[in-house]
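[1] model this:
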Amino acid sequence: MEAALSPDPGERYRRLSLWWDCLPDPIGVRPSLPGDLDVDVAVVGGGFTGLWTAYYLAEADPTLRIAVVERDVVGFGASGRNGGWCSALFAVPGARLDEVGGPGSGAAIRRAMVETVTEVGRVVADEAIACGFTQGGTVVLARTGAQLERASRDVAEARAGGIGSEDLRLLSAAEASSMARATNVLGGTYTPHCAAVDPARLVRGLAEAAERCGVTIYEHTVARSIGPGVIVTECGTVRAPTVVRATEGYTRTLRGQERSLVPVYSLMIATEPLPDQFWDRAGLALRETFADHRHLVIYGQRTEDGRLAFGGRGAPYHFGSAIRPEFERDPDVHEALRRTLVDLFPALAGVEITHRWGGPLGIARDWFTSVGLDPATGVAWAGGYVGDGVSTTNLAGRTLRDLILRRDTGLTRLAWVGHRSRKWEPEPLRYLGINAGLRLAAGADRAEERSGRTSWHAGALDRVIGG
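    Residues are numbered from 1 along each chain as shown. The predicted model follows:
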């Protein structure tokens with residue numbers, strides 16, 4: 001049965017992102033945890049990871065008592081603020097997965113991620129979640145000689161790993177431009193395995209679907225710590241044989257987890273709705289998500305209402321893994337994003353930017369996304385998506401379902417299951433290291449734009465990230 005929602009008393013949630021601003025009125029708020037509680041499975045975090053896990057568990061075993069506790073409201077974090085790419089991208093390279101899990105491990109996760117895009121689409125249809133799910137694929141442009149080399153290398157490595165042209169193909173300049181008519185296009189890559197979505201509508205709709213399956217969600221319930229069989233919150237103690245940590249960029253707020261995942265900000269902007277004449281020139285006719293092969297990641301989509309929503313890295317890591325509302329609106333980074341978008345599509349030079357926002361995503365020390373369950377303690381986790389979480393969270397939710405129900409399946413044997421990343425260094429080392437990596441990425445892009453050749457910064461960046 002769905003929870004009774006009280007209307008939001010203010011507009012603070014509308015300011016979180018374009019996606020939140022476009023939610024229908026009113027934005028409902030669920031009650032907090034009323035006191036101590038005993039359940040079968042307790043989940044910390046009301047974002048995609050926690051909700052997918054609860055949804056699939058309740059679907060598989062309706063007798064389970066499942067509770068989700070959320071420090072603010074469902075979708076408050078990255079789940080309601082991201083770029084809306086439901087893609088087959090996985091943050092860990094296939095070669096690294098093969099090292100960890102043996103030959104073929106990377107290919108197995110690649111197949112699982114392709115299937116995940118389809119699975120999200122199935123649930124969206126079955127649960128009637130109106131989130132604009134449109135599978136137009138992803139075009140990644142090459143706009144310098146160095147970017148074209150990387151595009152060619154990516155496709156060659158895909159072929160070596162058994163990935164065919166139906167999954168990833170190299171584009172000529174003409175082919176790439178026919179999809180996204182940006183400036184200076186030399187070529188690119190295309191994969192059909194991505195859907196553009198409105199992530200806030202998806203996560204809010206998923207919460208309602210989970211409630212229809214019998215899951216109880218408590219909002220404005222701040223968890224202070226988790227441990228075997230227990231979640232300690234400001235509103236009471238939740239006891240359960242299985243406890244799931246699904247807190248991603250906010251993991252550092254849990255006692256004892258301060259260095260497990262670092263919160264790194266990614267920021268976004270969105271234009272006003274654009275006229276048909278612009279889209280006739282710009283392309284993206286199938287709502288392809290788009291990026292280019294630079295080092296400092298950018299990402300964009302044509303929204304269902306005809307805007308360009310565009311984001312990227314570049315915001316600094318803040319000392320002590322600090323998370324503050326003012327970090328979501330960095331004028332310098334937002335202006336840099338606007339300049340980049342105009343560089344891609346000069347016709348946007350005079351267009352109004354109606355929304356500016358951002359939020360933290362979670363990164364593990366070895367940049368290795370992981371999911372797992374410690375059978376000795378009953379504590380499960382998933383996270384470290386490095387910005388590729390819209391779809392990976394679904395794979396995590398189904399994997400946690402199988403682990404919690406003690407099922408031995410193809411999902412539970414994937415190479416990311418059970419991986420343990422070492423903790424991040426104490427300050428000031430992680431502050432210096434993470435921000436050095438950001439500067440190297442930006443430096444590599446500037447050098448490559450000038451010369452067209454791969455910069456020495458790129459090799460240094462690989463060494464910093466790989467540490």
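[2] alpha carbons only for contacts and neighbour counts from here, please
    OK.
[3] for this protein, which spans come out with low pLDDT?
    1-10, 453, 455-467 (pLDDT under 70).
[4] So it: which segments form each domain?
    With domains defined by automatic domain parsing, the chain comprises 133-197+263-363, 429-466.
[5] Please identify the deepest-packed of those.
    Ranked by mean neighbour count, the domains of the chain are led by domain 133-197+263-363 with a mean of 19 (mean count of other C-alpha atoms under 10 Å).
[6] Span of it from start to end?
    Its first and final residues considered, domain 133-197+263-363 spans 27 Å by C-alpha to C-alpha, to the nearest Å.
[7] any idea which helix or strand carries the closest residue to residue 391 other than its chain neighbours?
    Excluding the flanking residues, the one nearest residue 391 by C-alpha to C-alpha, 6 or more residues apart in numbering is residue 86, at 5.0 Å. For residue 86, the element it lies in under DSSP states H and E is strand 85-87.
[8] after that strand, next one along is what?
    Past strand 85-87, the next helix or strand by DSSP H and E is helix 94-101.
[9] ok, and what's touching the helix or strand just after that next one?
    Using DSSP H and E, the helix or strand that follows helix 94-101 in sequence is helix 105-126. Here helix 105-126 makes contact (C-alpha atoms under 8 Å, 6 or more residues apart in numbering) with 86-90, 93-98, 130-131, 133, 161-163, 193-195, 202, 391-392, 394-395, 411, 414-415.
[10] so where do the strands sit in the stretch 151-300 of the chain?
    169-171, 187-191, 194-196, 216-218, 223-227, 230-233, 236-239, 242-245, 262-271, 289-292, 298-302 (DSSP state E, counting those that start in this stretch).
[11] Sheet partners, orientation included, of the first one?
    Taking DSSP bridges as the criterion, strand 169-171 sits next to strand 187-191 (antiparallel) in its sheet.
[12] what comes into contact with the partner strand?
    Strand 187-191 has contacts (C-alpha under 8 Å, 6+ apart) with 137-143, 148, 151, 155, 166-177, 292.
[13] Which secondary structure element is home to residue 372?
    Per DSSP H and E: strand 370-374 holds residue 372.
[14] can you check residue 146 too?
    helix 145-160.
[15] Just give me how far that helix sits from the chain centre.
    Counting by C-alpha atoms, centre = their mean, to the nearest Å, helix 145-160 is centred 24 Å from the centre of its parent chain.
[16] Quick one: work out the angle between it and helix 94-101.
    40 degrees (axes from the mean of the first three to the mean of the last three C-alpha atoms, to 10 degrees).
[17] name the helices or strands packed onto helix 145-160?
    Helices and strands touching helix 145-160, by 3 or more C-alpha pairs under 8 Å, 6 or more residues apart in numbering; DSSP states H and E, are strand 169-171, strand 187-191.
[18] returning to what we had before: now tabulate the strands of the stretch 151-300 of the chain in a markdown table and tack on distance to residue 109.
    Formatted as a markdown table, the strands of the stretch 151-300 of the chain follow (distance: least, C-alpha to C-alpha, whole Å):
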| stretch | distance to residue 109 |
| --- | --- |
| strand 169-171 | 19 |
| strand 187-191 | 16 |
| strand 194-196 | 15 |
| strand 216-218 | 30 |
| strand 223-227 | 29 |
| strand 230-233 | 31 |
| strand 236-239 | 33 |
| strand 242-245 | 22 |
| strand 262-271 | 24 |
| strand 289-292 | 21 |
| strand 298-302 | 22 |
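[19] And those strands: which comes nearest residue 381?
    Proximity to residue 381, assessed across the strands of the stretch 151-300 of the chain by C-alpha to C-alpha, is greatest for strand 242-245 (4.6 Å).
[20] Residue 434: which of the helices and strands packed on helix 145-160 is closest?
    strand 187-191 (28.6 Å).
[21] Dump the closest one to PDB, keeping only the CA atoms.
    Listed in PDB are the C-alpha atoms of strand 187-191, where the atom choice follows Å, rounded to 0.1, in the frame of the first residue of the first chain:
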ATOM      1  CA  GLY A 187      34.400  11.000 -36.200                       C
ATOM      2  CA  GLY A 188      33.100   9.200 -33.100                       C
ATOM      3  CA  THR A 189      31.500   6.100 -31.700                       C
ATOM      4  CA  TYR A 190      28.000   4.900 -31.400                       C
ATOM      5  CA  THR A 191      26.200   2.400 -29.200                       C
END
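[22] Not counting its own residues, what contacts stretch 321-331?
    252, 262-263, 265, 267, 315, 356-360.
[23] Now do the phi/psi pair for the spatially most central residue of the chain.
    Centroid check for the chain by C-alpha atoms, centre = their mean gives residue 389 as the closest residue, at 2.9 Å. Backbone torsions of residue 389, given as degrees, to the nearest 10, read phi -90, psi -20.
[24] and if you look at residue 15?
    phi -80, psi -10.
[25] That one against residue 76, yeah?
    No: counting by C-alpha atoms under 8 Å, residue 15 stays clear of residue 76, with 10.9 Å between them.
[26] Show me which of these two is the more surrounded one.
    residue 76 (22 against 13; other C-alpha atoms under 10 Å).
[27] circling back: separate out the buried members of the contacts of helix 105-126.
    86-90, 94-95, 97-98, 131, 133, 163, 193-195, 202, 391-392, 394-395, 411, 414-415 (16 or more other C-alpha atoms under 10 Å).
[28] need the helices for the protein, in chain order.
    Assigned by DSSP state H, the helices in the chain fall at 18-21, 48-60, 94-101, 105-126, 145-160, 173-179, 199-212, 276-282, 331-344, 389-404, 429-451, 456-466.
[29] buried set for the fourth one?
    Neighbour-count burial for helix 105-126, with 16+ other C-alpha under 10 Å as criterion, is recorded at 105-110, 112-114, 116-118, 120-121, 124.
[30] next one: it to chain centre, how far?
    With C-alpha atoms, centre = their mean, you get 15 Å for helix 105-126.
[31] angle of that helix against helix 199-212?
    Using the same axes, to 10 degrees: helix 105-126 against helix 199-212 is 80 degrees.
[32] Restricting the selection to alpha carbons, write helix 105-126 to CSV.
    Output of helix 105-126 as CSV, limited to C-alpha atoms (Å, rounded to 0.1, in the frame of the first residue of the first chain):
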residue,chain,number,x,y,z
SER,A,105,34.8,-11.2,-16.7
GLY,A,106,34.7,-7.9,-18.5
ALA,A,107,32.5,-9.3,-21.3
ALA,A,108,30.1,-10.9,-18.8
ILE,A,109,29.5,-7.5,-17.1
ARG,A,110,29.2,-5.9,-20.5
ARG,A,111,26.4,-8.3,-21.4
ALA,A,112,24.8,-7.8,-18.0
MET,A,113,24.8,-4.1,-18.5
VAL,A,114,23.2,-4.3,-22.0
GLU,A,115,20.5,-6.5,-20.5
THR,A,116,20.1,-4.0,-17.7
VAL,A,117,19.1,-1.2,-20.1
THR,A,118,16.3,-3.5,-21.4
GLU,A,119,15.3,-4.4,-17.9
VAL,A,120,14.9,-0.8,-16.8
GLY,A,121,12.7,-0.2,-19.8
ARG,A,122,10.6,-3.2,-19.0
VAL,A,123,10.0,-2.1,-15.4
VAL,A,124,9.2,1.5,-16.6
ALA,A,125,6.6,0.0,-19.0
ASP,A,126,5.2,-2.5,-16.5
